[in-house]
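[1] kindly generate the corresponding structure for this input.
(one chain, ligands or ions: 1)
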Amino acid sequence: MAIHSNPAGSTADRSFKGTVRALLTDMVWALKLTWSTSARLVVGVTLFTVLRGLMPAGLALAARGLINALVGTMHRKSDDFSILLPWLLLGFGLAIVQAVSDMSNRYLTQRLSDELNLTITTDILSHAATLDVAFFEDHRFHDVMERAKQNTAQHFAQFLITILGTFNSVIQMVSLLAILVVTEPFILLVLAPVAIPFLIFQLRLSKVRYLKEQSRTTKRRWTNYFVRLLTGPHLAAEVKLLDLAPLLTDRYRTLMTEFRDQDHELHRRSFVAGSWFVVLSTVAFYATFAWVVVRAFRGAVTVGDVAIFAGAASGLRSSLVNVILSMSSAVEHALYVSNLQEFLSIKPRIQYASGLIPASSRGEIECRNVFFTYPGTERTVLSDISFQIKPGEAVALVGENGAGKTTLAKLIARLYDPDKGSITFDGIDLRDVSAAYLHSQLAFVFQGFARYEATAADNIAYGDWRRLLLDRDAVEQVARHAKVEEMIEEMPQSYDTMLGRAFGEYELSAGQWQKIAVARAFARNASLLILDEPTASLDARAEYELFSRFRELLKGRTTILISHRFSTVSMADRILVLDQGRLIEQGTHRELLAQHGHYATLYDLHGRQMSSPPPE
Ligand code: ADP
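    Numbers count the residues shown, from 1 in each chain. Coordinates of the predicted model:
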C-alpha cells in the first residue's frame, strides 16, 4: 500500500540542519493553509504582533528621554515642566498602544485558532472519506491516522501562535539589543555563549520529545483500545463476566507508566538546562550592568543610559527566554504539522478518473479473469474468476468460510480493484464508471452492517438520504415493502424512536437490526443489490417472511446473494460455487445437486447437520 509521506518527509531521522529545513517547509505549508483559512485575520494578527514587538524598545527609549530631560532640568535648576511633557505623553501613548495591541492580538489569535480548528478537523474528516476501505484495514495507516487525529488542530493553531510569539519576541529582542549594543557592545559577547547552546539544547529536546511521542503511536492506540474495552457498551457484559477488567487495567497501566517515566526524564533534563541558563544569563546581565554603572560613574554614559540599560536588559532577558522557548515549542508543534501533511498527502488508490455513465442502467456484471490479494498481505484470495450476471438475474455465491465470497462482492462494489483481470458494469470497466453513478446503482447489506444511532425512519432513509430524509411517506412505503412496518409501529415513538443506546433508549435485537438494514438496502432505487448473509440474524419465520416476498422485492434488480442457508440459496437463478478463491462450479440448485460435486457435498453436510440428533 502506498502511504506517501509528505515532501518535507517525516521528521524522524533528521540532522539538526535537516530539522530546521523541514521546519521552514512546514512553516510555509502551514502559513499557506492559514492564509487560505482567513487572510484578514492573518493580516490583523501579524500587524499587532509587529506593534507589540516594537513597544518595549519604544517604551525604553521614552524612559531614557524622560530621565535625561529630568536630569538636565535638575542640573539647570529649571522648573520648566514643559520639557518633560512630550516624553511623558510619548510613554503614555506607547503604553496605551502596547495594551491595546496585546488585547487585540489575543482576541484575533483566538479567532484565528477557532477558524483553523474548524478547517482542519473538517479537512481531516473530508480527506478520510475519500480514502479506500483498504486503508482503514491496514494497521500502518491507523498509526498515520491516529497521529493526524491527535489534537492536530490544536497543535496547528499552537504552531502558528508560537511562530507569531517567536516573531514578536525576535522583534523585541533585536530592538532591545540594538539599544543595549549602542550603550554597551560588550553585552553581545557575554550573552551569546550562554544563549546559543541553550537554544540548540531546547531544539534538540523538542525533537526528542516529538520522536518519543511518534514512537508511542501504536502503544497509544493500544491504550485507547483498552479504554474502549473497559468503558464501551458493546463488550461491557463480556468484560464483566470474564472479569477482564484487572488484566486490561494492568496492561493499560504498564503502558501509561512507561510514558510517564519517559516524560519524567525529559522534564528533568529541561529543568536542569533551564536553571543553568537562567542563572548564567542573570550573571551575564548583571556583570554587564555593573560595568555600565561604573562607566556612568566616570561620566562616559548618561544616567538615562543606565536606566535604559536596566529596563532594556531585563526586557531582553525575558524576550531571549521567550524566543528560545517559543522556537523549541514551534519545532515540536511543526512536527505535528508534518503529521497532518503526511495524512493529507495520502492519495486514494481507487481513482474515479474518467467518470463514464452507461447508456442504460441494467445491472449487468461481468468478471474476466479476476485475481485479487488484499493490500499489505501475501495470499491470493481470488484466482482467475470469470462469470457473467445478466440484468435482473439473482445469483448466489456459495462456499465454505474464507472461500472469497465477501471479497468478490466487495470487488463488484469497487471497494477494491482487482490486481489482474477486469469487472464490467453494464459493459463499462468499473475503473471507468463514475463514482456517483456506481454508488447510486448499488444497494447492499454487508455482514458488518451499520446500526445507526438515529431514529427508525432515518435508519431507513440513510439508504438514500438525499431523497428520503425529509419524505416520511416514502420511508413508510419502503418499510411496508421490506416488511418492517409492523415492527416499527410497535416501537414507543414509532418511526421517531431513537434506536441504539448511545443517544436513545430503544435497543433492537440483532435480527431486528438486520431487518432495518435490509429495509435500508431496499430504500435505494438501485439496479444491483448485494446481500451478504442478509438473514444470518433472522429467525426462521422472519426469513420466510422476507423471502416469500423476495422475488417481488428484487424484481428487475440484479442480485448477488451470499448465504449459508440452502433454503435461501436455492431460490437464486444461478449459484456460483467458490472454493479457496476459485470458481469451481455454477448452475441452478438442481443442476449442481445432479453434478454431485462440491455444492452437493456442502448441501449433504448441511442436511445431515440439520437432521442429526443432538449429541448425547
Ligand atoms: P468468505 O466470505 O467466503 O467467508 P472472505 O471473502 O471474507 O471469505 O475472505 C477470503 C479470505 O480473505 C480469507 O482468508 C480472509 O482471511 C481474507 N480476508 C478477508 N478480508 C480481509 C481483509 N480485509 N484483509 C486481509 N485479508 C482478508
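[2] go ahead and confirm Tyr175 touches Leu59.
    Wrong residue type there; residue 175 is Ser, not Tyr. No: using CB atoms under 8 Å, Ser175 makes no contact with Leu59, being 10.6 Å away. Glycine gets a C-beta too; all of them are placed from N, C-alpha and C.
[3] low pLDDT regions in the stretch 251-400 of the chain?
    Counting by pLDDT under 70, the stretch 251-400 of the chain contains low-confidence ranges at 353.
[4] what about 80?
    Counting by pLDDT under 80, the stretch 251-400 of the chain has low-confidence residues at 304, 308-309, 311-314, 331-332, 334-336, 350-355, 359-361.
[5] nearest to the ligand within it, name that residue for me.
    Here the residue of the stretch 251-400 of the chain nearest the ligand is Tyr374; by CB to the nearest ligand atom that distance is 3.5 Å.
[6] then the stretch 101-250 of the chain?
    Residue of the stretch 101-250 of the chain nearest the ligand, by CB to the nearest ligand atom: Glu137 (4.4 Å).
[7] which one is the residue of the stretch 251-400 of the chain closest to the ligand nearest to, not counting chain neighbours?
    Closest residue to Tyr374 apart from its sequence neighbours, by CB to CB, 6 or more residues apart in numbering: Val381 at 6.2 Å.
[8] per-residue pLDDT of Ala148, please?
    As predicted, Ala148 sits at a pLDDT of 80.
[9] which residues touch the residue of the stretch 101-250 of the chain closest to the ligand?
    For Glu137, the contacting residues are Tyr374, Gly376, by CB atoms under 8 Å, 6 or more residues apart in numbering.
[10] grab the nearest non-local neighbour of the residue nearest the centre of the chain.
    Closest to where the C-alpha atoms of the chain average out (CA atoms, centre = their mean) is Lys149, at 3.6 Å. Distance criterion CB to CB, 6+ apart; nearest residue to Lys149, sequence neighbours excluded, is Ile124 at 6.8 Å.
[11] wait, that neighbour sits on Thr152?
    Yes: between Ile124 and Thr152 there is a contact at 6.9 Å, judged by CB under 8 Å.
[12] what parts of this structure come near the ligand?
    By CB under 6 Å from any ligand atom, the residues of the chain that approach the ligand are Glu137, Tyr374, Thr377, Val381, Gly399, Asn401, Gly402, Ala403, Gly404, Lys405, Thr406, Thr407.
[13] for Phe289, give me its contacts.
    Counting by CB under 8 Å, 6+ apart, Phe289 touches Phe309, Ala310, Ala313.
[14] please enumerate the strands of this protein.
    Counting by DSSP state E, residue ranges of the strands within the chain are 365-373, 380-389, 394-398, 420-425, 428-429, 442-445, 528-532, 558-562, 574-579, 582-587.
[15] got a list of what Ser38 touches?
    Applying CB under 8 Å, 6+ apart, the residues near Ser38 are Arg111, Leu112, Glu115.
[16] buried subset of the residues you listed as a ChimeraX selection?
    Buried residues within those, by 16 or more other CB atoms under 10 Å, are selected in ChimeraX with:
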select :112
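[17] with pLDDT added, can I get the contacts of Ser38 in TSV?
    Below are the contacts of Ser38 laid out as TSV (pLDDT from 0 to 100):
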residue	pLDDT
Arg111	93
Leu112	90
Glu115	91
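[18] can you list which of the contacts of Ser38 are found in helices?
    Secondary structure from DSSP state H places Arg111, Leu112, Glu115 of the contacts of Ser38 in helices.
[19] can you give me the neighbour number for Gly274?
    Look at Gly274: counted by other CB atoms under 10 Å, it has 17 neighbours.
[20] identify the residue nearest Ser314 in space, chain neighbours excluded?
    What sits nearest to Ser314 in space, not counting adjacent residues and going by CB to CB, 6+ apart, is Phe285, at 7.7 Å.
[21] still on that earlier bit, I'd like the contacts of Phe289 as TSV, with distance to Glu265 appended.
    Shown next, in TSV, are the contacts of Phe289 (distance: CB to CB, whole Å):
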residue	distance to Glu265
Phe309	40
Ala310	39
Ala313	34
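[22] scan those residues and report the most crowded one.
    Phe309 (27 neighbours).
[23] not counting sequence-adjacent ones, nearest residue to that residue?
    Nearest residue to Phe309, sequence neighbours excluded (CB to CB, 6+ apart): Val292, at 4.8 Å.
[24] just list the residues touching that neighbour, thanks.
    Thr183, Glu184, Val301, Asp305, Val306, Phe309.
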